[in-house]
Every structure is written in structure tokens, then in C-alpha cells.
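Visitor: the following block contains a protein sequence and its predicted model.
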Amino acid sequence: MTELLMTTWDGGGTTPPLMSVARALVARGHRLRILADPVLRADVEATGAEFVSWTRAPHRQERNGGDHFVRDWGGDPAEGFARMRDALALGPAAAYAADVREELERRPAAALLTELLLFGPQVAAEAAGIPYVVLNPTVNVVPAPGVPPFGLGLMQQTDEAGRRRDEELGAMMLAAWDEGLPALNAARAEQGLEPLEHVLDQGRTAARVLVMTSRAFDFLGPLPPTVVHVGPRLDDASWAGEWEAPPGEKPLVLVGLSSDYQDQADLLRRIAAALGNLPVRAVLTTGNGIDPASIEAPANVQVVKAAPHGAVLREAALAITHGGHGVTIKSLAAGVPLVCLPMGRDQLDISARVVHAGAGVRLEHTAATAEIAAAAEQVLGEDSYREAAQRIATTITEETATDRAVNEIEAVLTSTLTRDPVTA
């Protein structure tokens, strides 16, 4: 039984894939603790892992917009990125690192597993001399030749002009990350580590970066051997509950925006109104941040807080979503095409990959009701979108036949334990 420590935050769609990994590790006989926001206690304990709360580091006690310390939605994408960088990834890196070192001193671990955006735990693991594995619950973010820089929602291009564009914009994104370098280097200094030249150099010390999406979906380019696509995690959230399909034979549409609060109520209302003009049945999930009663919907649209998306998608003909990775990859795994209305975070990049794959269309999140209705009709009416989604579904079935994420983690542990065993 190997002792492991995982760190995460309440990032909405980041939770189910990380909890899926946790559940699999516990099932394999590992002893796992998870440092997380108090609001995630039930999710953690449902995996069989031990919950430990952040103390110095920022954390959420409740699932509502008022308790959200990141607030990276709305406005210009660059402003949202800066808020995420300063409120989560780098600004509080020293606090996250201090909490992790304290927990490791209380009870050592053979390795640390940490969510992509938390740089502080990576610092702590490096300082403690234990390997760490970055769990990337979205498309690949590590820069790669031939792949547009992450964060801008750009389509992949292969001509010389496209390569120059990607180089220039990649340098701009690196500079945007490096605005947080003083905070990261302060955290490293507190932990007795040398400063870095660039923020993204921190990830170079990771034993693995596990990209939890499908290679058939992502933009691919040459990557370091430590960066590995391991296929998606398709588990629904532990709080998804039961669901009963609305009656009838008309095509079923799933509407799923963020499970977290991202000020999406107005968009939900526009989608509901659009579907009211179409010959479909729909189930609209509001997530934790929006009261279902606040969404006025026509009779053919069922509005609920949550539903098991996997079950809904087995019957669905279309998904309308913000382009979050969880609902997008589950839709594609079910062979269901999409209409994407990205609101921020990684959603622009995920929506770009949907369009590139031919598995759906992308609209602005400000799209009018009539535009949303027209896009839904287009995707429902053209077989090419479903055929593209089904091609990706075939690959996902192959990728998820074995648990490559857990296998990669155990490979790191095997390498580590042959040098310096830390077991229960």
C-alpha cells in the first residue's frame, strides 16, 4: 500500500476527472489523501480517499458565485487569464506550497499528484524531494511545435504564416505567464529552491504531465517524453443524481454549461428559448451556481440542477455546451456532435478542436436566440457532424479500455520506490 498525496481546487469540471483517478488509485490499493477545498469533502470521501482541507491557501466553503475567489469569467479573455493567474495559479503559490509541505511533514508520501493550475504544490514536491505528477484534465497546454499557443482558441495552421503567428503569440502568452514569476520565485525561495527564468519552467521538473483527453481530439505536436496523452476520464460528478428522459420520440438535446458559477444564466435562457422553436426534447442542466427555478423554459425543455451526462448522452442527438472539457469529451465519447458557446478558461481552445474535428460548430457566447437555433438545426440536420463525433468515439473506446493514467502514476512510483521507499 503506497502513500500518495493529491492536491486540487474546486474548478467545476476539473473535479470529476481527478476524483476518477483518485477512485481508481484507491481501488488499486493505494492510500490516498487529497488536499482540497472544503466544498469538495463529499467528492473526495466518495472515492475512498482521506480529505484534508487547505488552510493558508485560498479555498471555497460553498458552491456559489459569491464564494468564488478566482472570478475569471466575463469580460476580455486576457483579463480572465490574469485573474486566474493572480488568484489561483501563481499569486498564492507560497500559501499552497506551505500547506503541502506541512502535510508532507505530518505524513510523508511517495509522490504528489496535483491539478494542472496549482503551481505551489509543484514547488513543495520539488523542495521535499518527491516526484510529482501533473494531472491535466483538459487538452494539452504544454507548448509544442505546430500547435497554436493554448488560451486563445486558435485553429491549427501548417503554413509559414501560421507558424510565425504561433511563435509570436506563444511569446506573448509566455510573457503573460511571466508576469506572475515574482510570486512563483518567492514561493520557491521560501521552500529553499533556486529561482526560475520562466514560470512554465516549473513543469519541467514533473515526473509526468498526464493529458486526460483523446489524441483523436487534441492538436498534436512533438512533446517531451514526460508529457503523455492518457485518454479521457468519463465519470459523471458524484452529485449528478438520477434522471428520467422527457417523454416523446423527438431528438433529445443535452444543454450543459459549467457546473460552476460563470455568470451563465442569461446564456442558459437564450439556449432554452432557441430550443423552444425547434422540434426537439431537451434537458438543460444548470449546475451548482444557478438556481433551476431562475431559468424560464418552454415546455419541451426540462430544466434540472444536474443529471448524469453519460446517461443523457446515450440517448442524445446533440449537445449544446460552453465547451468545457468534461461535457465536450463525454459528448464525443458518445458520438454526439456539439454546438459550443465558449465563455472563457479553456473553452475557446476546446471549441476550436471541436470545429477542427468537424464534430460541431462554435458561436460567440453572446449569440442571439435565433443564431443558437440555426446552429442547432444545422448540426442536427447534417450527418457529417455526427459521423465526425463517432470517429472520435471509436478512438476513445480504445483509449479507455485500460487505465493508462493510473498505469503511468504507478510507473513513477515503481521508479521511486526502487530508490527510496515510502510506504504504509
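Guide: Thanks, I have it. Residues are numbered from 1 along each chain as shown.
Visitor: all helices of the stretch 201-350 of the chain, in order?
Guide: For the stretch 201-350 of the chain, the helices defined by DSSP state H, counting those that start in this stretch cover 265-276, 309-313, 325-333, 347-357.
Visitor: which one of the ones you listed lies nearest to E167?
Guide: The closest of the helices of the stretch 201-350 of the chain to E167 is helix 347-357. By C-beta to C-beta, the value is 17.7 Å. For every residue, glycine as well, the C-beta is placed using N, CA and C.
Visitor: then the closest one to PDB, C-alphas only?
Guide: Taking Å, rounded to 0.1, in the frame of the first residue of the first chain, the C-alpha atoms of helix 347-357 are listed here in PDB:
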ATOM      1  CA  GLN A 347     -13.400  26.600 -23.600                       C
ATOM      2  CA  LEU A 348     -12.100  28.600 -26.600                       C
ATOM      3  CA  ASP A 349      -9.400  26.000 -27.200                       C
ATOM      4  CA  ILE A 350     -11.700  23.100 -26.800                       C
ATOM      5  CA  SER A 351     -14.300  24.600 -29.100                       C
ATOM      6  CA  ALA A 352     -11.600  25.100 -31.700                       C
ATOM      7  CA  ARG A 353     -10.800  21.400 -31.600                       C
ATOM      8  CA  VAL A 354     -14.500  20.500 -32.000                       C
ATOM      9  CA  VAL A 355     -14.600  22.700 -35.200                       C
ATOM     10  CA  HIS A 356     -11.300  21.300 -36.400                       C
ATOM     11  CA  ALA A 357     -12.600  17.700 -36.000                       C
END
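Visitor: go through it and flag the buried ones.
Guide: Buried residues in helix 347-357, counted by 16 or more other C-beta atoms under 10 Å: 347-354, 357.
Visitor: counting by contacts, list what the lengthiest helix in the chain packs against.
Guide: In the chain, with assignment by DSSP state H, the single longest helix is helix 160-178. For helix 160-178, the packing partners by 3 or more C-beta pairs under 8 Å, 6 or more residues apart in numbering; DSSP states H and E come out as helix 77-84.
Visitor: tell me the average confidence for the helix it packs on?
Guide: Here helix 77-84 scores 85 as its mean pLDDT.
Visitor: what angle do that helix and helix 160-178 make?
Guide: When axes from the mean of the first three to the mean of the last three C-alpha atoms, to 10 degrees is applied, the directions of helix 77-84 and helix 160-178 differ by 30 degrees.
Visitor: buried stuff in helix 77-84?
Guide: Residues 77, 80-81, 83-84 are the ones in helix 77-84 that count as buried (16+ other C-beta under 10 Å).
Visitor: ditto for stretch 146-156
Guide: Buried, per 16+ other C-beta under 10 Å, within stretch 146-156: 147-154.
Visitor: average pLDDT for that stretch?
Guide: The pLDDT scores in stretch 146-156 average 91.
Visitor: give me the contact list for it.
Guide: Stretch 146-156 has contacts (C-beta atoms under 8 Å, 6 or more residues apart in numbering) with 77, 81, 139-141, 143, 157-158, 162-163, 165-166, 169-170, 172-173, 219-222, 342, 346-349, 351-352, 355-356.
Visitor: same check, this time on stretch 299-310
Guide: For stretch 299-310, the external contacting residues (C-beta under 8 Å, 6+ apart) are 234-237, 239-243, 246, 250, 254-256, 259, 272, 275-276, 280-288, 292, 295, 297, 326-327, 330-331, 334.
Visitor: in the chain, which helix or strand is least confident?
Guide: helix 77-84 (a mean of 85; mean pLDDT, DSSP states H and E).
Visitor: list the buried residues for the very next helix or strand once past that one?
Guide: Using DSSP states H and E, the helix or strand that follows helix 77-84 in sequence is helix 93-106. Within helix 93-106, the residues scored as buried using 16+ other C-beta under 10 Å are 93-101, 103-104.
Visitor: and the angle from the helix or strand following helix 93-106 to helix 93-106?
Guide: For helix 93-106, the following helix or strand on the C-terminal side (DSSP H and E) is strand 111-115. Interaxial angle, strand 111-115 versus helix 93-106 (the same axes, to 10 degrees): 150 degrees.
Visitor: after strand 111-115 comes which helix or strand?
Guide: As assigned by DSSP H and E, the chain's next helix or strand after strand 111-115 is helix 119-128.
Visitor: low-confidence ranges, the stretch 251-400 of the chain, go.
Guide: Within the stretch 251-400 of the chain, not a single segment meets pLDDT under 70.
Visitor: coming back round to it: closest one of the buried residues of helix 93-106 to L118?
Guide: Nearest member of these to L118, counting by C-beta to C-beta, is Y96, at 5.8 Å.
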